[in-house]
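> need coordinates for the below:
(chains A and B)
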Amino acid sequence: MNATPSKDKLITRRSFVSWLVKGSLAGSALLGLGALGRFISFGSQPSSPSQVDLGPVENYPPGSRSVATSAAVLVIHDEGGFRALSLVCPHLGCTVSVSEEGFTCPCHGSRYLPDGSLRNGPASRSLDSLRVEVDAQGHLIVYTG
Amino acid sequence: MHRSLLLASFVLLVVAGLAFWQQSHALAPLAITPSLTGQTEYCLTCHADLPEISPSHPVETFGCVLCHGGEPLALDANLAHSSMRGEANPSDLTVVEASCGGEMCHSGSALADRDHIQRVTSSLQATYAGAIAQMRYTFGAQPDLTPHQGIYAIDGLSAFDPSTETSPMLQQFGSNCLTCHLSAQPMTGEVYNRWTGCAACHSTAPASDSSLVHSLTTSIDYTQCNACHNQGNYSLADMQFHARIDEPSDRLHAYYQPIAQFTQCEYTLACTDCHTRQEVMGDGQIYNNEKEAEYVQCQTCHGTPDSLPLTHTISSEDELALRMAFLNPVIDLQMGDTILVTDKGEPLWNIRVMPGENGGLPSYELFSKPIGERFTFNPVMGSACQQDPTQQASNTCHECHSVER
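Numbering: from 1, shown residues only, chains lettered A, B, ... in the order given. Below you'll find the model as predicted:
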């Protein structure tokens, strides 16, 4: 014998359509929120930090000339203290290579003396000297921007 | 009412779902921020496998958009390429200033030898002004051989428009004979394959399988020049180009057309070993014809019975010769080296003087620009050559020194 459901337990066509509409709108809203969250959380390439922690000063003993690739600088520790030379060629921005004779730009051949002063073009000025500080933790901080 | 609401909400759901699906399957952008522009670009998302175009243009310094244009943050190929300059060739002369120009790049001052674009765009290879002048003079459209018109208008030249010419021959010239200037699309055939603009000489020709070509070089072999030169002749009789019909099997036969006379050095070396940058790329002047623009002669390297070739000792590290040798390091040129120079003072930076023993006559070493092969040669002075020093055209030298094929 078949049981006939009571009338109040039957889902009416009207309420089914109503739930369907609500469900669709809720789904759309969720997808929209998801897309919005994805849009908001999207991060383009972070800009280069203007100050870079180069680590403990002990890594740069007196008399040393150390390349810090993280900041594209050469750290010089001489009798005058710490100095930093930018390794970015002022001609067009290529990274210069370091040797005992000084610096050479691999792109167009500009060369610099060991102190960063211009030896030959096409660059028209010397390598930039950058500000360096030792912070409270004894780390060397270079200001690149 | 309910039905339309249901339909609308369903459509909204489908659209939102599709958009979400597309977004979640989109390429993860591969970003670079070139140091010259400081602007992030996503071009490498699809083009990471392209080789570096040249050591002078590293991608981390230049990026892609500075030279090519395009939409730097687009990940859809059509959108990304929508604003590219010159399609695959940003050096096409119609866009070269925007792509390659700039004070520090290739349209700087003549004093700093950075005026490449100014020189090239006024050169015969680009304007075709000499040939146009000769044709217009020949068929009565102008009273002299002075160039007045070029392929495009530029200082001193108006644009040549064959449709305004009354002579049918000039109209045919316009239709059939304007195929070898730097803005012309190459003729059909493998031997003519090349790009337009700077890339016609400085880049490998387009690949036959349409794969991307990404190279720039100052090491230019004769095959690059022969995409336009030595492939045939334009005939005045029918105003048509007639391709050479021989089928050269080696360099000796391929270099020049069968009718040509040439010496050993003229086919053993590359064209650019002797012909200078000002001859090939122009010097900013509008010349009447190729003969006027080309001024290097045999005596430029060999001298005459009475005089040695002109030389220059490098005394400054900023000299152009050292810059050229850096860009194409076929020779270990140093301060204090003595090289040959032309009578206009252009350095033949790949030819170094070797002093003679015990104060004797010098000899010379030449490093060929495409591959760096070393050749040595002697001056005419002190040799058995009986030339008349006043007769220096190549045909005079060919009288004795032609190579038989």
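
> just the helices in chain A please.
Ranges of helices in chain A, per DSSP state H, are A:13-41.

> enumerate the residues of it near chain B.
When proximity is defined as C-beta under 8 Å from any C-beta of the partner chain, chain A approaches chain B at A:14, A:17-18, A:20-21, A:24-25, A:27-28, A:31-32, A:34-35, A:38, A:44-45, A:47-48, A:88, A:91-95, A:106-109, A:111, A:119-122. Placement of C-beta: from N, CA and C, glycine included.

> filter those residues down to the buried ones.
By neighbour count, with 16 or more other C-beta atoms under 10 Å in any protein chain shown, the residues of chain A next to chain B hold A:20-21, A:24-25, A:27-28, A:31, A:88, A:91-95, A:107-109, A:111, A:119-122 as buried.

> just the strands in the stretch 51-200 of chain B please.
Per DSSP state E, counting those that start in this stretch, the stretch 51-200 of chain B carries strands over the ranges B:149-150, B:158-159.

> same question for the stretch 201-350 of chain B.
Counting by DSSP E, counting those that start in this stretch, the stretch 201-350 of chain B has strands at residues B:232-235, B:240-243, B:311-313, B:338-341, B:347-354.

> for chain A, find the nearest of these.
strand B:347-354 (12.7 Å; C-beta to the nearest C-beta).

> who are the packing partners of that closest one?
Here strand B:347-354 touches helix B:298-302, helix B:320-327, strand B:338-341, strand B:363-367, going by 3 or more C-beta pairs under 8 Å, 6 or more residues apart in numbering or on different chains; DSSP states H and E.

> if we can go back for a sec, deepest in the core, which of the strands of the stretch 201-350 of chain B is it.
Most buried of the strands of the stretch 201-350 of chain B by mean neighbour count (mean count of other C-beta atoms under 10 Å in any protein chain shown) is strand B:347-354; its value is a mean of 22.

> ok, residues contacting that strand?
B:273-274, B:276, B:300-301, B:311-312, B:319-322, B:324-325, B:330-331, B:333, B:337-342, B:362-369, B:376 (C-beta atoms under 8 Å, 6 or more residues apart in numbering or on different chains).

> spell out which residues of chain B are next to chain A.
So chain B meets chain A at B:2-3, B:5-6, B:9-10, B:12-13, B:16-17, B:19-20, B:23, B:31-36, B:38, B:40, B:55-58, B:61-62, B:73, B:104-105, B:112, B:114, B:316-318, B:322-323, B:326-327 (C-beta under 8 Å from any C-beta).

> now do 7 Å
B:2, B:5-6, B:9-10, B:12-13, B:16-17, B:19-20, B:23, B:31, B:33, B:35-36, B:40, B:55-56, B:58, B:61, B:104, B:317-318, B:323, B:326 (C-beta under 7 Å from any C-beta of the partner chain).

> just the buried residues from those, in ChimeraX please.
To isolate the buried members of the residues of chain B next to chain A in ChimeraX, using 16+ other C-beta under 10 Å:
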select /B:6,9,10,12,13,16,20,31,33,35,40,56,58,61,104,317,323,326
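
> go through the strands of the stretch 51-200 of chain B and pick out the most buried.
strand B:149-150 (a mean of 22).

> show residues contacting that strand.
B:T127, B:Y128, B:A129, B:I132, B:L157, B:S158, B:A159, B:F160 (C-beta atoms under 7 Å, 6 or more residues apart in numbering or on different chains).

> just to check, the first one is in contact with B:A153?
Which is B:T127. No - when contacts are counted by C-beta atoms under 7 Å, B:T127 is not listed as touching B:A153 (9.6 Å).

> between the two, who's got more neighbours?
B:T127 (30 against 12; other C-beta atoms under 10 Å in any protein chain shown).

> residues contacting that one?
B:G150, B:I151, B:I154, B:L157.

> closest to B:T223 out of those residues?
Nearest to B:T223 among the contacts of B:T127: B:I151, at 24.4 Å, using C-beta to C-beta.

> and the closest one, how many neighbours does it have?
So B:I151, with other C-beta under 10 Å, has 20 neighbours.

> could you do B:A110 as well?
For B:A110, using other C-beta under 10 Å, the count is 11.

> what's the answer for A:F39, then?
Applying other C-beta under 10 Å, I find that A:F39 has 9 neighbouring residues.

> for B:P389, see how far away it is.
79 Å (C-beta to C-beta, to the nearest Å).

> and the residue lying closest to A:L87 once chain neighbours are set aside, how many residues sit next to it?
The shortest distance from A:L87 to any non-neighbouring residue, by C-beta to C-beta, 6 or more residues apart in numbering or on different chains, is to A:A72 (4.6 Å). Neighbours of A:A72 under the rule other C-beta under 10 Å: 19.

> assess the claim that A:A72 and A:L85 are in contact.
No - shown here, A:A72 and A:L85 do not form a contact pair, counting by C-beta under 7 Å, at 9.9 Å.

> for the closest residue to B:E190 other than its chain neighbours, grab phi and psi.
Excluding its sequence neighbours, the residue lying closest to B:E190 (C-beta to C-beta, 6+ apart) is B:S208, at 7.5 Å. Main-chain dihedrals, B:S208, degrees, to the nearest 10: phi -70, psi -20.

> now A:L127
phi -60, psi 150.

> give me the pLDDT for the residue nearest the centre of chain B.
Nearest residue to the geometric centre of chain B (C-alpha atoms, centre = their mean): B:C201, 3.0 Å. What the model reports as pLDDT for B:C201 is 96.

> need the contact list for it.
Counting by C-beta under 7 Å, 6+ apart, B:C201 has contacts B:I220, B:Q224.

> what about residue 64, neighbour count?
Picking chain A for this. Neighbour tally, A:S64, other C-beta under 10 Å: 12.

> wrong one, I was asking about chain B
So B:C64, with other C-beta under 10 Å, has 22 neighbours.

> excluding chain neighbours, what is closest to it?
B:C43 (4.1 Å).

> show me the contacts for the one you found.
With C-beta under 7 Å, 6+ apart, B:C43 has these contacts: B:C64, B:V65, B:G70, B:P72.

> for the nearest residue to B:S56 once chain neighbours are set aside, give its distance to B:A26.
Here the nearest residue to B:S56 in space, its sequence neighbours aside, is A:C107; by C-beta to C-beta, 6+ apart that works out to 4.9 Å. Going from A:C107 to B:A26 by C-beta to C-beta gives 34 Å.

> try B:A131
For B:A131 relative to B:A26 (C-beta to C-beta), the value is 52 Å.

> one more: B:S249?
From B:S249 to B:A26 the distance is 53 Å (C-beta to C-beta).

> between these two, who's got more neighbours?
A count of neighbours by other C-beta under 10 Å puts B:A26 above the other of B:S249 and B:A26, at 11 against 8.

> B:G156: neighbour count?
14.

> leaving out sequence neighbours, find the closest residue to it.
Using C-beta to C-beta, 6+ apart, the nearest residue to B:G156 is B:I286, at 5.1 Å.
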